[in-house]
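> Test case, fold it:
(chains A and B)
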Amino acid sequence: MDQFEAIRKRQLKFALGVGIPYFAFVISIFLLVYLASEAVTRISIMGFPLHYWLVAIAIYPITWVLFIWYVGKANSMEDEIADKVGGE
Amino acid sequence: METGYQIPFTALVLIGCMLAFTIVTTFMFRKQKTSADYYLAGRKVNSFINASAISSDYLSAASFLGVAGVAFLFGFDGIIYALGFFVGYIALLLFLASPLRKFGRYTVPDFVSERFHSKRARVLGVIGVLFVSLFYMAPQMLGAGKVMGLLLNLEYETSIIIIACIITFYVTVGGMKATTVNQLVQFWILFGAMFLLAFIPFMIKGYTYTDVVKFISEFKGAEQVTGKMFDGAAYTSPAYWLTSLKDTLSLLLALMFGTAGLPHILVRFYTAPDGKAARKTVIYVLFLIGMFYILSPYVGHVIRYAFLQGEAMGVSPHLMQWLADNGKNLAVPVAGSYFGGQILLGIVVAGAFAAILSTVAGLIIACAGAIGHDLVVNVFNPNMPERSRVKVARIASVIVGLLGIPLGFWAESMQIAVLVGLAFAIAASTFFPVLVMGVWWPKMTKNGACAGLITGIVGSFFMILGKEMLPEFLQYKNPGGFVMILTFIAIYSVSKMEYASKGEDALPPDTAEVMAILHGPEKA
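Numbers count the residues shown, from 1 in each chain, chains lettered A, B, ... in the order given. Now for the predicted structure:
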């Protein structure tokens, strides 16, 4: 059972290691946009306001790329665990 | 019937085709040998089909009509709904999709009850499922009533009754298999409709997002039809509607973590063949719904752009009046009518129907599972034979489906996305903390789980329905984030106190085995 406890901790560490920075990033975008709204709304990139870029567009591709990587890594971790547990 | 009103026949034809398909699939899958077939489609749904079905389950009237509606109504602040609904899947992917599938039960109350060996937790779980799902069903019925009224010029109440009967019929007869096939088709109808709604103004008319936002932000003056003053700069800036930071954060947290507590979404992960397939499914879902949520706030802004210019852009007085009266919920069909006439209106209305049918079907399955499987079978009659269990599931489906009628009547004057946001608040504050801690924290106790469920249910009940009785600092537009934090605290502190007094006896005796199932490799 100690082995499964180690596996649980490893998986949790990985999920939190990706999840905490990601959620912090999303919340901080909102804090930035709401707390510094005057400054943010004045900036535009290619004529499109920065706050719209961040909240309505950019977050989507960032999330896709990050979580495709995450699923690949999590599934290979799972295969590795299966090999390890099955081999013992 | 309104004078001069023309029934959009394209819409009727499309909806007719969709209903015919629904009836055919429903009869094809009417034979359910076991309750696993009825609730979980035999656990053999492949990732892409499951992803389309989940997306369809998820992209309800709130997303199809509501997100563009809140963007039309509240401008930049409305986009928080699109983003929150999208990000919600991340918590599910990170913490729950794979372990819940590995645990391999039918429903969320199943998980809490079997993880903690507690009937009380199961009953609380059932109350939570019903509370979330019925709150979620109300705005779907609202959308159905409004769209059907728009389509056939029917009374709101009549529309609600017709829709509730159609959905109840096909879920009751077809179960999860028919629901999955229908949801797959319905997803591509609703996605196609939203794609066309964005494609036509963007590619054909040339209204880029940049031009639209720029025009709106520079507009200051009286709106046509209503004569109300409109400040475009405020509308395209943060804090036009979400004026307090506490409201913004609480709403964002509810939307971010509510998805991972929605019973009708969670139950779909049990239909995946294994934990890895469950994760892969979420990635497909993220792509599908992400594209949808990029498009829908744009559509909301384009409609505002057209509304502000009115006759100068050739918007008919009839459509202007619709927008003025019902823009919060019907902005999308109006956009369909304006940009593509009867044909696009038909496609959009069919899309709205697809969104509503699929979501309500998923909600009915989840509620029927909670009543039939969790309450009737597991609490009252655990030895019930398999055939009777399917019968119980069907009876529960009829009861829940017909409950949609009074819920639809109740919700008539509300905004769809705001109301769904409240269902997310209940899910985030009730199930998300209990599931996450139940999956990852071996020292969580039975009483900790019950305390969490009670805090979530009671807290969100009072903060949503009894809001006026609370002091001002406790009044939130969406209390989800606030109550979710309270629920985490309740689970942690009650479990810690129980563990301090009873030691290892406070924990369920098979905690180590359960943790091995949740996190270890799956058995072939």
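> contact partners of stretch B:330-350?
B:6, B:8-15, B:18, B:64-65, B:68-69, B:72-73, B:146-147, B:150-151, B:189, B:192-193, B:196-197, B:200-201, B:205, B:299-300, B:302-303, B:306, B:315-316, B:319, B:322-323, B:327, B:352 (C-beta atoms under 8 Å, 6 or more residues apart in numbering or on different chains). Every residue, glycine included, has its C-beta placed from N, CA and C.
> Please report how far residue B:324 lies from residue B:381.
55 Å (C-beta to C-beta, to the nearest Å).
> again but with residue A:44, I slipped
64 Å.
> swap in residue B:371?
Residue B:371 is 13 Å from residue B:381, by C-beta to C-beta.
> Who has more neighbours out of these two?
Neighbours were counted for residue B:371 and for residue B:381 using other C-beta atoms under 10 Å in any protein chain shown; residue B:371 has more, 21 against 13.
> for the more buried one, phi and psi?
phi -80, psi -50 (degrees, to the nearest 10).
> My guess is it contacts residue B:401. True?
No - with contact defined as C-beta atoms under 8 Å, residue B:371 does not reach residue B:401; the gap is 11.7 Å.
> So residue B:522 lies in a strand, does it not?
No - counting by DSSP: H, G, I helix; E, B strand; the rest coil, residue B:522 is not part of a strand but coil.
> Run through the residues that contact the closest residue to it other than its chain neighbours.
Using C-beta to C-beta, 6 or more residues apart in numbering or on different chains and skipping residues adjacent in sequence, the residue nearest residue B:522 is residue B:274, 5.3 Å away. Residues near residue B:274 by C-beta under 8 Å, 6+ apart: B:101-102, B:522.
> How about residue B:483?
With contact set as C-beta under 8 Å, 6+ apart, residue B:483 has these partners: B:425, B:428-429, B:455-456, B:459-460, B:463.
> and it, how far is that from chain A?
Distance of residue B:483 to chain A, computed by C-beta to the nearest C-beta, to the nearest Å: 18 Å.
> Equivalent analysis for residue B:340, please.
Remark: distance between residue B:340 and chain A (C-beta to the nearest C-beta) = 24 Å.
> so which helix or strand takes in that residue?
helix B:317-368 (DSSP states H and E).
> Then residue B:454?
Using DSSP H and E, the element containing residue B:454 is helix B:446-465.
> pLDDT averaged over that helix - what is it?
Average pLDDT, helix B:446-465: 94.
> now stretch B:225-245
The predicted model gives stretch B:225-245 an average pLDDT of 88.
> quick one, phi/psi of residue 23?
Picked chain A for this. When read as degrees, to the nearest 10, the backbone of residue A:23 gives phi -70, psi -40.
> try again with chain B
Per degrees, to the nearest 10, the backbone of residue B:23 is at phi -70, psi -40.
> Adding pLDDT and neighbour count, write the contacts of residue B:274 out as CSV.
Below are the contacts of residue B:274 laid out as CSV (pLDDT from 0 to 100; neighbours: other C-beta atoms under 10 Å in any protein chain shown):
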residue, pLDDT, neighbour count
B:101, 81, 25
B:102, 83, 21
B:522, 72, 15
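> now, among those residues, which is nearest to chain A?
Nearest to chain A out of those is residue B:522 (C-beta to the nearest C-beta; 7.6 Å).
> if I pick the closest one, what's in contact with it?
A:82, B:102, B:274-275.
> give me the number of residues near residue 15?
Looking at chain A here, since you left the chain open. Neighbour tally, residue A:15, other C-beta under 10 Å: 20.
> hmm, I had chain B in mind actually
Per other C-beta under 10 Å, the neighbour tally for residue B:15 reads 23.
> try residue B:473
7.
> do the same with residue A:35
14.
> same check, this time on residue B:227
If you count neighbours by other C-beta under 10 Å, residue B:227 ends up with 8.
> do the same with residue A:23
18.
> Now it. Nearest residue, chain neighbours left out?
residue B:256 (6.8 Å).
> residues in the stretch 301-450 of chain B within reach of chain A, list them.
The stretch 301-450 of chain B comes close to chain A at residues B:440, B:442, as judged by C-beta under 8 Å from any C-beta of the partner chain.
> In the stretch 301-450 of chain B, which residue sits nearest chain A?
residue B:440 (5.5 Å).
> Per-residue pLDDT of that residue, please?
So, for residue B:440, pLDDT stands at 95.
> Quick check: the closest residue in space to it that isn't next to it in sequence vs residue A:77, distance?
Computed as C-beta to C-beta, 6+ apart, the closest residue to residue B:440 that is not its neighbour in sequence is residue A:12, at 5.5 Å. Separation of residue A:12 from residue A:77 (C-beta to C-beta): 12 Å.
> who has more neighbours, those two?
Neighbour count, other C-beta under 10 Å: between residue A:12 and residue A:77, residue A:12 has more, with 17 against 14.
> I'd say that one and residue B:439 touch.
No - judged on C-beta under 8 Å, residue A:12 makes no contact with residue B:439 at a distance of 9.4 Å.
> can you give me the strands for chain A?
Secondary structure of chain A (DSSP state E): strands at A:44-45, A:48-49.
> Which residue lies nearest the spatial centre of chain B?
residue B:58 (4.9 Å; C-alpha atoms, centre = their mean).
> so who does that residue touch?
Counting by C-beta under 8 Å, 6+ apart, residue B:58 has contacts B:85, B:259, B:265, B:285, B:289, B:359.
> And it, how close does it get to residue B:281?
Distance from residue B:58 to residue B:281, by C-beta to C-beta: 12 Å.
> now swap in residue B:69 and tell me
Distance from residue B:69 to residue B:281, by C-beta to C-beta: 28 Å.
> Residue B:410 now?
From residue B:410 to residue B:281 the distance is 34 Å (C-beta to C-beta).
> Look at those two and report which has more neighbours.
Neighbour totals were compared for residue B:410 and residue B:281, and residue B:281 leads with 29 against 12 (other C-beta under 10 Å).
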